[in-house]
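Peer 1: sequence first, predicted coordinates after that:
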Amino acid sequence: QVQLVESGGGLAQAGGSLRLSCVASGRTFSTYAMGWFRQAPGKEREFVAGMSWSGTRMDYADSVKGRFTLSSDGAKKTMYLQMDSLKPEDTAVYYCNAASGLRPFDIARRADEYTYWGQGTQVTVSS
């Protein structure tokens, strides 16, 4: 079992920054691929960024490339999403996810690949 708890959401102005954190519990955290999804009102949940469980590969949605950065601290079982140059269209609930059963360098990009989800944290960007 893996439990995920997100934090760091809030209100930011366009052009500003926020850093989301995701703390994981569970003994096998190190072998889970991790990722972030988001869901805006009236829209489908979409992939934002993902990391292989080896920690060596990362991928980002085109809409956030160059603005968002993934990182992790294995000792703290924490994954971070640094969000810079925020835009109003980044407004959404952001979910942290963990996927099991993948190869060390695989990145999960589909929601159905993820086994565990956090409760979500709201990010609101004002123009």
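Peer 2: Everything's here; your move.
Peer 1: in the sheet, who's paired with the spatially most central residue of the chain?
Peer 2: When C-alpha atoms, centre = their mean is applied to the chain, the residue found nearest the centroid is Trp36 (2.2 Å). For Trp36, the beta-bridge partners are Ala49, Cys96 (DSSP bridges).
Peer 1: quick one: residues contacting it.
Peer 2: Taking C-beta atoms under 8 Å, 6 or more residues apart in numbering, we find Trp36 in contact with 20, 22, 48-50, 70, 81, 94-97. C-beta here means a position set from N, CA and C on the backbone, and glycine is covered the same way.
Peer 1: closest to Ile107 among those?
Peer 2: Gly50 (4.3 Å; C-beta to C-beta).
Peer 1: what is the neighbour count of the residue lying closest to that closest one once chain neighbours are set aside?
Peer 2: In space, and not counting its chain neighbours, Gly50 is closest to Gly35: 3.7 Å by C-beta to C-beta, 6 or more residues apart in numbering. Residues near Gly35, counting by other C-beta atoms under 10 Å, number 29.
Peer 1: in contact with Gly35, which residues?
Peer 2: Contacts of Gly35 (C-beta under 8 Å, 6+ apart): 47-51, 96-99, 107-109, 114.
Peer 1: mind listing the strands for the chain?
Peer 2: 3-7, 10-13, 18-25, 33-39, 46-51, 58-60, 68-73, 78-83, 92-99, 116-117, 121-126 (DSSP state E).
Peer 1: turn those into a markdown table, including mean pLDDT.
Peer 2: Output for the strands of the chain, formatted as a markdown table (pLDDT from 0 to 100):
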| stretch | mean pLDDT |
| --- | --- |
| strand 3-7 | 95 |
| strand 10-13 | 98 |
| strand 18-25 | 95 |
| strand 33-39 | 96 |
| strand 46-51 | 97 |
| strand 58-60 | 97 |
| strand 68-73 | 94 |
| strand 78-83 | 96 |
| strand 92-99 | 96 |
| strand 116-117 | 94 |
| strand 121-126 | 98 |
